[in-house]
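[1] Attaching a predicted model along with its sequence, questions to come.
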There are 2 protein chains.
Amino acid sequence: MAVSTISSRLDGAALEAWRGYLQSHAGIVRELDADLIAHHGLTVRDYEVLLYLAQADERQLPMSALSERTMLTRSGITRLVDGLVDQGMIERVSCERDARVSYARLTAAGYGKLRDAGRTHVAGIERLFLSHFTATELEQLAQLLGRLPGATGGVQCTAGDEAPTAAPNGDCTVD
Amino acid sequence: MAVSTISSRLDGAALEAWRGYLQSHAGIVRELDADLIAHHGLTVRDYEVLLYLAQADERQLPMSALSERTMLTRSGITRLVDGLVDQGMIERVSCERDARVSYARLTAAGYGKLRDAGRTHVAGIERLFLSHFTATELEQLAQLLGRLPGATGGVQCTAGDEAPTAAPNGDCTVD
DNA sequence: GATGTTCTGTTGACCTGTCAACTACAATGG
DNA sequence: CCATTGTAGTTGACAGGTCAACAGAACATC
């Protein structure tokens, strides 16, 4: 059993690398999520959305911008934002110049929540990821992983991305 | 904006590493999934389950074993297996020695499908992941990622794992 | 302008997975 | 031998997301 026949290189170190990549990701993300939910009642997705808003001008973004950044569909974002509006972290604001768009704007409460949650989140990243490496190793990792599709200005951008500055997942706290 | 204040090390290379890790994973998994669905009508999860069965003795495993390996809940596995049974790739077999357990067993059709899909899948991994690195770099990656929680005999094993040999995600083809 | 096309956001129907409750069986201990 | 406790699997209700279809607004072009 296993891995030969077809795959030229999917053996030994290659297999280990791929396995490590998949498994570690599953474990880490799962735990980060559990942490955030337990301590702040937020999903990692919620957190991500709040963070994008916090980083945006006037702390607001059109729904479609959120949809691009999070890689959710527009309907997905509609529903996610619905939830955050119900919790009082976001409010909807209609756009004056284009009646089609409606902004999601971070409320003061949402901003506070985000800051609190940020501590937990960053501590989790530190504990589950960063703490396992030296500074040099982190540089190596950054260099290697940066080559992969999706990283650093990736492949999947379907529509006009207007935010080259964005931190589609990695940037982790506000202020 | 960004990252300071709280996080000691979440800057520069650390941030890049973390970002690259998250984003590349999202992109690669998404594309692998799309490939597999388009060419074979299988989810990556489906594929994973079929593969575990193919690697097991008699090509069968108790539901709970599948649940542990896939990191799905037992009910999740019940439903996933339901689907594969409907498609004729798996059959349910009750255990003689313990009437509580029911095995999921790979059918001949399922095994064939798995082999076909394996080609697509491995080609995808090669294209999206392996091809970006040299052999040496893959060794480095394996070494680094192997330290993370979840990789190589991880943290999350709730109950008695009986399969130290298992390839909880990485092993990618049969035979 | 009237018209056709494109874009934004929402909704309905559905899929996938979780959680909690339940059934059925096994194991343990008095 | 029976009572308790634990384990395997399924089910109902729901959360979270997708897809397809839509309405309303903006743009393009004649």
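    Yep, that arrived. Numbering: from 1, shown residues only, chains lettered A, B, ... in the order given.

[2] Can you list the buried residues in the biggest helix by length in chain A?
    Assignment by DSSP state H gives helix A:12-40 as the longest helix of chain A. The neighbour-count check on helix A:12-40 (16 or more other Cβ atoms under 10 Å in any protein chain shown) flags A:13-28, A:30-33, A:35-36, A:40 as buried. Where C-beta positions appear, they are placed from N, C-alpha and C, glycine not excepted.

[3] restrict the residues you listed to contacts with chain B.
    A:13-28, A:30-31 (Cβ under 8 Å from any Cβ of the partner chain).

[4] chain center to the longest helix of chain A, what's the gap?
    14 Å (Cα atoms, centre = their mean, to the nearest Å).

[5] on contacts alone, who are the packing partners of that helix?
    With contacts taken as 3 or more Cβ pairs under 8 Å, 6 or more residues apart in numbering or on different chains; DSSP states H and E, helix A:12-40 sits against helix A:44-55, helix A:108-128, helix B:12-40, helix B:135-145.

[6] what's the angle from the longest one to helix B:108-128?
    Spelled out, that is helix B:12-40. Orientation check (axes from the mean of the first three to the mean of the last three Cα atoms, to 10 degrees): helix B:12-40 against helix B:108-128 gives 140 degrees.

[7] and the helix or strand harbouring residue A:80, what other elements does it pack with?
    Per DSSP states H and E, residue A:80 falls inside helix A:74-86. The helices and strands touching helix A:74-86, judged by 3+ Cβ pairs under 8 Å, 6+ apart, are helix A:44-55, helix A:63-70, strand A:90-94, strand A:102-106.

[8] Tell me which of the ones you listed sits nearest to DNA strand C.
    When the helices and strands packed on helix A:74-86 are compared by Cβ to the nearest atom of the strand, helix A:63-70 sits nearest DNA strand C, at 3.0 Å.

[9] any bit of the closest one sitting next to chain B?
    No. If you take Cβ under 8 Å from any Cβ as the test, helix A:63-70 misses chain B, and the best it gets is 10.2 Å.

[10] Restricting to C-alpha, output that helix in CSV.
    What follows is helix A:63-70, C-alpha atoms only, in CSV (Å, rounded to 0.1, in the frame of the first residue of the first chain):
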residue,chain,number,x,y,z
MET,A,63,-20.3,43.9,1.4
SER,A,64,-18.6,42.8,-1.8
ALA,A,65,-15.2,43.9,-0.5
LEU,A,66,-15.7,41.8,2.6
SER,A,67,-16.8,38.9,0.4
GLU,A,68,-13.6,39.1,-1.7
ARG,A,69,-11.3,39.4,1.3
THR,A,70,-12.8,36.5,3.2
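
[11] just to revisit the earlier point, which residues are contacting the helix holding residue A:80?
    A:45-46, A:49-50, A:63-64, A:66-67, A:70, A:72, A:90-92, A:104, A:110 (Cβ atoms under 8 Å, 6 or more residues apart in numbering or on different chains).
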